[in-house]
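Novice: give me a 3D structure for the following:
(2 chains)
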There are 2 protein chains.
Amino acid sequence: MSTLLLDRNTIKSLIDMADVINVVEEAFRMCGEGRGKMPAKTYLSLEHGDFRAMPAALPGSAGVKWVNVHPQNPSRGLPSIMAILVYNDPETGYPLAIMDATEITAYRTGAAAAIASKYLARQDSHTIGIIGAGFQAHTQILAHAELFNSIAINVFDVSKVAVDRLIQSLSRFSIRNCLIQDAVSSDIVCTLTPSRSPVIKREWIAAGTHINAVGADAPGKQELDLSIIKEALVVVDDLEQASTSGEINVPIQKGAYSIGDIYGTLAEIVAGKKKGRTDNSATTIFDSTGIAVEDIAVAKLLFERAKQAGGYPSIELVGI
Amino acid sequence: MSTLLLDRNTIKSLIDMADVINVVEEAFRMCGEGRGKMPAKTYLSLEHGDFRAMPAALPGSAGVKWVNVHPQNPSRGLPSIMAILVYNDPETGYPLAIMDATEITAYRTGAAAAIASKYLARQDSHTIGIIGAGFQAHTQILAHAELFNSIAINVFDVSKVAVDRLIQSLSRFSIRNCLIQDAVSSDIVCTLTPSRSPVIKREWIAAGTHINAVGADAPGKQELDLSIIKEALVVVDDLEQASTSGEINVPIQKGAYSIGDIYGTLAEIVAGKKKGRTDNSATTIFDSTGIAVEDIAVAKLLFERAKQAGGYPSIELVGI
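Specialist: Below is the predicted model:
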């Protein structure tokens, strides 16, 4: 037996959004049916950054993602975030593969938001507002394009260069550079900023908007006006992560929002235990923090694809 | 940049007990001085086994050990435990190496016990009792032989075959097969069994004995009579792990022992914040559960050795 080694270029060649959406939606369904296992993320905080250990298991798959966040890395020519995933056989614990998880993280985050939009956005949604034109914007657009027909994309970023780069790299889509209030008046809004104070104002939001709040992923981060959150039907990926580090963490910290105000988890909705949107005039929010079962589901897809294709490097790392 | 790949045979060729003891003792010292970081182990429990994520950092090193325990594996021709360690640069998060951690675990566990014996056993100790002649017995003997001169080793195991195998494989040492009560009457006793009820009786223990209680590593496990624990000076590697899964976990669960009864941590003693043995007639116990800073310290030693030697395989796993 040996352990497959799948580097970032290999993962890029194996991954595609349509299948990522399928396996991530199935992972939410299994979690909603109580068939997923996911202990809380562990944080290792150091002087210049932190690491997170994210273990999870689904029927037939298990593993851990080990991901760092070192904000000063770009000045050294390194990415801020470098993720590795160890993918194991849950029956024996054998490490079947070690893979780069940078693309996996970006793809599964886009997929989770688009799945949330499928259940929570109005069915006639066709405009997508993208707030923040960085790395994550690509996979948000790719994922929504899989689930919504003939979409028009309205992008805002403080950096005009970032918007131009996004438009050039996704030239097959209809993308236009907007003012923030125009981007926010789209049917579906994806907020992808690292903001620590609300950038989206209540008065810009039209009736019936669905918002994927993706940017907030640590204590103190917040992108939406409190009044938007208080009026909306709020769905989270993970109750504990969302309340400590998601979009709702600051309002909860201030006592302006409580865990009891959350409508439910995306897993409950995908599994049919709770309804998605029922009122076309309601504002809905998916508070996405990123969960390890999403990563494991994609890792299984890529491992099986690589094994079937053959020819990738492997190593007898462990053994008797 | 690339990530070094160090498989189990490579680790076997790079590791040696004298240096492992040095770096593990230094790791305890740094932790005692507040310079180590180690969030709690995370458990992922599945039907046929479990996984543990063990992250840690010391000045100049960081990483995570990901280790499984699948008790039924031997019937499938696989080891029960297969550990992998991702070793990172704490300054940038870059994954410098991925290595097998099975030998690392065995060596650091032996080293930690021998370091505890150095501070807690009588200085004239020369007999070592080994209870349980499995895999861990080798590294307990190797480690104690580094720190104690001309030792005589008394081994007990329910399996005579296991004792014979141990004696043959360590033929350079003076090892004899004993009754359990004779092995326990040694100056230093290492208990290495998976027992769930005490196997060591109070009346077998001579005045001034030091016991390394290594076997208990999960809730419900226990090797020593309660009266031994209650009378002894108890030192732990980690307060939380010891009280939930170490030798003292069952007495604490039953209300017969409390965290306040613990004398201190080995890190405090190595750092000089608390004294080791002061009374030659006292019984001392080191309750060893295994901590991630031990693994990271050894990983750093082996990474630097491999990098200096050169010629080991590597992969560009992550990157821009």
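Novice: could I get the helix or strand harbouring A:Asn22 in CSV with only the CA atoms?
Specialist: Assigned by DSSP states H and E, A:Asn22 belongs to helix A:17-32. What follows is helix A:17-32, C-alpha atoms only, in CSV (Å, rounded to 0.1, in the frame of the first residue of the first chain):
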residue,chain,number,x,y,z
MET,A,17,-17.1,22.9,-10.3
ALA,A,18,-20.1,20.8,-11.4
ASP,A,19,-18.9,17.7,-9.5
VAL,A,20,-17.7,19.7,-6.5
ILE,A,21,-21.2,21.1,-6.2
ASN,A,22,-22.6,17.6,-6.3
VAL,A,23,-20.4,16.1,-3.6
VAL,A,24,-20.6,19.2,-1.4
GLU,A,25,-24.5,19.1,-1.6
GLU,A,26,-24.4,15.4,-0.8
ALA,A,27,-22.1,16.2,2.2
PHE,A,28,-24.6,18.7,3.5
ARG,A,29,-27.4,16.2,3.1
MET,A,30,-25.4,13.5,5.0
CYS,A,31,-24.7,15.9,7.8
GLY,A,32,-28.4,16.9,8.0
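Novice: what's the spacing between that helix and its chain's center?
Specialist: 12 Å (C-alpha atoms, centre = their mean, to the nearest Å).
Novice: hmm, stretch A:53-72 touching chain B?
Specialist: Yes. Applying C-beta under 8 Å from any C-beta of the partner chain, one finds that stretch A:53-72 is in contact with chain B at A:Ala53, A:Pro55, A:Ala56, A:Ala57, A:Ala62, A:Val64, A:Trp66, A:Asn68, A:Val69, A:His70. C-beta coordinates here come from the backbone N, C-alpha and C atoms, glycine included.
Novice: residue ranges in chain A under the pLDDT threshold?
Specialist: For chain A, the stretches flagged by pLDDT under 70 are A:320.
Novice: pick out the residue closest to the middle of it.
Specialist: A:Thr109 (2.0 Å; C-alpha atoms, centre = their mean).
Novice: any idea which element the closest residue in space to A:Val23 that isn't next to it in sequence lies in?
Specialist: Counting by C-beta to C-beta, 6 or more residues apart in numbering or on different chains, the nearest residue to A:Val23 once its immediate chain neighbours are dropped is A:Ala297, at 4.3 Å. Per DSSP H and E: A:Ala297 is located in helix A:292-309.
Novice: most neighbours of all the residues of stretch A:53-72 next to chain B, which one?
Specialist: Neighbour count (other C-beta atoms under 10 Å in any protein chain shown) singles out A:Val64 as the most crowded of these, with 30 neighbours.
Novice: give the bridge partners for that residue, please.
Specialist: Taking DSSP bridges, one obtains A:Pro55, A:Val86 as the residues bridged to A:Val64.
Novice: any idea how far A:Ile252 is from it?
Specialist: For A:Val64, the distance to A:Ile252 equals 28 Å [C-beta to C-beta, to the nearest Å].
Novice: what's the burial count for the closest residue to chain B within the stretch 151-300 of chain A?
Specialist: Closest to chain B within the stretch 151-300 of chain A is A:Ala292: 9.4 Å, counting by C-beta to the nearest C-beta. A:Ala292 has 29 neighbours, counted by other C-beta under 10 Å.
Novice: in contact with it, which residues?
Specialist: By C-beta atoms under 8 Å, 6 or more residues apart in numbering or on different chains, the contact set of A:Ala292 is A:Met38, A:Lys41, A:Met54, A:Pro55, A:Ala56, A:Val64, A:Lys65.
Novice: can we see that at 10 Å?
Specialist: A:Ala292 makes contact with A:27, A:36-41, A:52-58, A:63-65, A:85, A:108, A:238, A:241, B:44, according to C-beta atoms under 10 Å, 6 or more residues apart in numbering or on different chains.
Novice: circling back to that earlier point, now the helix holding A:Asn22 and helix A:292-309, what's the angle there?
Specialist: Helix A:17-32 and helix A:292-309 are oriented at 130 degrees to each other (axes from the mean of the first three to the mean of the last three C-alpha atoms, to 10 degrees).
Novice: after helix A:17-32 comes which helix or strand?
Specialist: For helix A:17-32, the following helix or strand on the C-terminal side (DSSP H and E) is strand A:42-45.
Novice: can you pull the buried residues of that following strand?
Specialist: A:Thr42, A:Leu44 (16 or more other C-beta atoms under 10 Å in any protein chain shown).
Novice: over to stretch A:44-52?
Specialist: Going by neighbour count (16+ other C-beta under 10 Å), the buried part of stretch A:44-52 is A:Leu44, A:Leu46, A:Gly49, A:Asp50, A:Phe51, A:Arg52.
Novice: make JSON lines out of these and add distance to A:Pro194.
Specialist: Formatted as JSON lines, these follow (distance: C-beta to C-beta, whole Å):
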{"residue": "A:Leu44", "distance to A:Pro194": "20"}
{"residue": "A:Leu46", "distance to A:Pro194": "19"}
{"residue": "A:Gly49", "distance to A:Pro194": "14"}
{"residue": "A:Asp50", "distance to A:Pro194": "15"}
{"residue": "A:Phe51", "distance to A:Pro194": "18"}
{"residue": "A:Arg52", "distance to A:Pro194": "16"}
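Novice: can you sort out which of those also neighbour chain B?
Specialist: A:Leu44, A:Leu46, A:Gly49, A:Asp50, A:Phe51, A:Arg52 (C-beta under 10 Å from any C-beta of the partner chain).
Novice: quick one: which of the residues you listed is nearest A:Tyr263?
Specialist: A:Arg52 (26.6 Å; C-beta to C-beta).
Novice: on that earlier part again, pull the most distant pair out of the buried residues of stretch A:44-52.
Specialist: The span of these, defined through C-beta to C-beta, is set by A:Leu46 and A:Arg52 at 11.9 Å.
Novice: name the residue of the stretch 101-250 of chain A that lies nearest to chain B.
Specialist: For the stretch 101-250 of chain A, C-beta to the nearest C-beta, closest residue to chain B: A:Thr102, 6.3 Å.
Novice: contacting residues for the closest residue to that residue other than its chain neighbours?
Specialist: Leaving aside its chain neighbours, A:Thr102 sits nearest to A:Ala83 (5.3 Å; criterion: C-beta to C-beta, 6+ apart). Neighbour list for A:Ala83: A:8, A:52, A:54, A:65-69, A:99-106, A:295, B:93, B:95, B:318 [criterion: C-beta under 10 Å, 6+ apart].
Novice: tell me where the stretch 101-250 of chain A has helices.
Specialist: For the stretch 101-250 of chain A, the helices defined by DSSP state H, counting those that start in this stretch cover A:102-120, A:135-147, A:160-169, A:180-184, A:226-231, A:239-245, A:249-253.
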